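Colleague: Here you go, sequence then predicted model.
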Amino acid sequence: MTLRAPTLTLGGLPCQEGWLTVRRVWLAIGVSAGLCLSFVALLVIGTYTAAAGLLGGAAGAAGGAVALAKGAVPAAYQPLVQKWGNLCPAINPALLAAQLYQESGWNPRATSPANALGIAQFIPGTWASHGVDGDRDGDRDIWDPADAIPSAASYDCELATYVRKVPGDPTDNMLAAYNAGAYRVIKSSGVPGISETKNYVRIIRSLEKSFARPVGRVEPSRQAATAIHFAQSKLGTPYLWGGNGTPDQGGRFDCSGLTQAAYRTVGIELPRVANDQYNAGPHPGRDELLPGDLVFFSDDLTDSRAIHHVGIYVGGGYMINAPYTGAVIRFDKIDTPDYFGATRVTEDGAKALPTAPAAESNAG
């Protein structure tokens with residue numbers, strides 16, 4: 001299999017109009033001038049003091065089993081990914097999830113110009129040699145995730161065996177073999193100097209972090225204050241479905257257009273769609289949120305592909321967001337029944353994500 005842009009099935013529409021019904025319950029609080037001033041103070045003080053307080057306490061994962069981040073893998077596939085992601089030491093559930101997301105965007109009917117098929121994007125010839133009957137129902141179906149996901153894990157582990165004596169990181173070498181073939185990895189004594197292959201390894205390892213449940217605190221973002229400042233400057237701007245803030249749109253935004261533009265000011269390019277923005281970094285818990293984190297809302301609290309709304313957290317249980325048609329960019333509470341989770345955006349995490357043009361994204 002080679003590196004390709006995933007064929008994405010976008011689970012939910014960011015800023016979908018149906019969100020209005022859920023959220024109206026929470027709109028009793030008006031945005032007065034005094035409230036705005038209090039939030040300005042919160043942005044300036046909260047961003048830096050909270051981040052500084054956590055820098056010393058940030059801890060990386062040190063060993064132990066890798067668990068999946070809440071809802072990052074669609075509920076229908078999570079048991080398969082968790083089980084088969086532990087098939088051998090070279091892989092883990094988050095890594096397997098990252099591969100599947102990169103290959104197909106969780107679309108079990110995905111196809112590619114190279115005739116790669118299904119959720120794991122196997123080419124038929126490779127499937128004939130390496131496909132397994134994961135659900136033991138008597139057939140090997142390239143279109144059935146119950147077969148394709150175990151086959152992807154099995155193939156990873158087989159490749160890891162082929163390159164086990166190659167110097168360097170065993171998982172990087174396995175991923176390179178997945179992309180370029182085991183022979184090239186062995187001949188190069190590691191990841192070969194092929195730009196496509198090096199990029200594939202970098203993307204999967206970056207995405208792996210967004211699918212893994214963090215162990216310890218997530219390191220604070222250093223770009224948060226500038227992103228918040230941009231969003232704050234847009235307070236009062238009318239919402240526009242599909243809005244990117246361009247002059248022909250009167251500088252108006254929808255929810256994911258606003259978050260994309262805010263992080264663009266610090267040189268980070270996010271995807272246009274909210275449910276892809278969720279994979280732009282690790283996921284702090286509700287009690288670990290810091291200003292600048294992206295906060296997400298979903299119709300299905302077990303599935304990030306059903307995310308329909310995103311905002312920028314500013315502290316104190318509030319976010320800046322572009323809510324829906326007829327409203328303006330404003331502060332809103334995040335603690336609502338459809339609150340899904342948060343992402344602390346990283347440059348590497350964002351670079352690993354697809355960036356489909358807005359016209360193709362169903363952004364809203």
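Modeller: Yes, it's here. Numbers count the residues shown, from 1 in each chain.
Colleague: if I look at the most centrally placed residue in the chain, how far off is Gly292?
Modeller: Taking Cα atoms, centre = their mean, the centroid of the chain lies closest to Asn279, which sits 0.9 Å from it. Distance of Asn279 to Gly292, computed by Cβ to Cβ, to the nearest Å: 17 Å. In this view, the C-beta of every residue, glycine as well, is placed from N, C-alpha and C.
Colleague: cool, Asp169 as well?
Modeller: For Asp169, the distance to Gly292 - Cβ to Cβ - is 31 Å.
Colleague: So for the two, which sits in the more crowded spot?
Modeller: A direct count of neighbours by other Cβ atoms under 10 Å for Asp169 and Gly292 places Gly292 higher, at 29 against 15.
Colleague: So the more buried one: helix, strand or coil?
Modeller: What DSSP: H, G, I helix; E, B strand; the rest coil gives for Gly292 is coil.
Colleague: I figured it hits Tyr313, correct?
Modeller: Yes - using Cβ atoms under 8 Å, Gly292 makes contact with Tyr313 at a distance of 6.8 Å.
Colleague: circling back: for the residue nearest to the centre of the chain, report the pLDDT, please.
Modeller: On pLDDT, Asn279 comes in at 93.
Colleague: and it, what is it in contact with?
Modeller: Ala72, Tyr101, Leu207, Ser210, Phe211, Ser304, Thr343, Gly349, Ala352, Leu353 (Cβ atoms under 8 Å, 6 or more residues apart in numbering).
Colleague: For the stretch 201-350 of the chain, give me the ranges with low pLDDT.
Modeller: For the stretch 201-350 of the chain, the stretches with pLDDT under 70 are 216-221.
Colleague: ok, now how distant is the closest residue in space to Ser104 that isn't next to it in sequence from Phe122?
Modeller: Using Cβ to Cβ, 6 or more residues apart in numbering and skipping residues adjacent in sequence, the residue nearest Ser104 is Ala110, 3.9 Å away. Taking Cβ to Cβ as the measure, Ala110 and Phe122 are separated by 11 Å.
Colleague: of those two, who's got more company?
Modeller: Phe122 (24 against 21).
Colleague: can I assume the more buried one is in contact with Ser112?
Modeller: No - Phe122 lies out of contact with Ser112 (Cβ under 8 Å); the separation is 10.5 Å.
Colleague: ok so, going back, for the residue nearest to Ser104, give me the pLDDT.
Modeller: pLDDT, Ala110: 95.
Colleague: and Glu288, how many residues sit next to it?
Modeller: By other Cβ under 10 Å, the residues close to Glu288 number 18.
Colleague: Now do Ile123 against Trp84, distance only.
Modeller: Plainly put, Ile123 is 20 Å away from Trp84 if you go by Cβ to Cβ.
Colleague: These two: who's more crowded?
Modeller: Neighbour count, other Cβ under 10 Å: between Ile123 and Trp84, Trp84 has more, with 22 against 15.
Colleague: Which residue is the nearest non-sequential neighbour of that one?
Modeller: Among residues not flanking Trp84 along the chain, Ala153 sits closest, at 3.8 Å (Cβ to Cβ, 6+ apart).
Colleague: Shouldn't Val215 be within a strand?
Modeller: No - under three-state DSSP, Val215 sits outside any strand and is assigned coil.
Colleague: need the helices for the stretch 101-250 of the chain, in chain order.
Modeller: Ranges of helices in the stretch 101-250 of the chain, per DSSP state H, counting those that start in this stretch, are 124-130, 145-162, 170-180, 182-188, 195-211, 224-233.
Colleague: average pLDDT for the third one?
Modeller: By that I understand helix 170-180. Helix 170-180 carries an average pLDDT of 95.
Colleague: now do stretch 70-77
Modeller: For stretch 70-77, the mean per-residue pLDDT is 90.
Colleague: Report the buried residues of it.
Modeller: Gly71, Ala72, Val73, Pro74, Tyr77 (16 or more other Cβ atoms under 10 Å).
Colleague: Next one: the fourth one from Val66, what distance?
Modeller: Distance check for Pro74 against Val66: by Cβ to Cβ, it reads 18 Å.
Colleague: Equivalent analysis for the second one, please.
Modeller: As defined by Cβ to Cβ, Ala72 lies at a distance of 12 Å from Val66.
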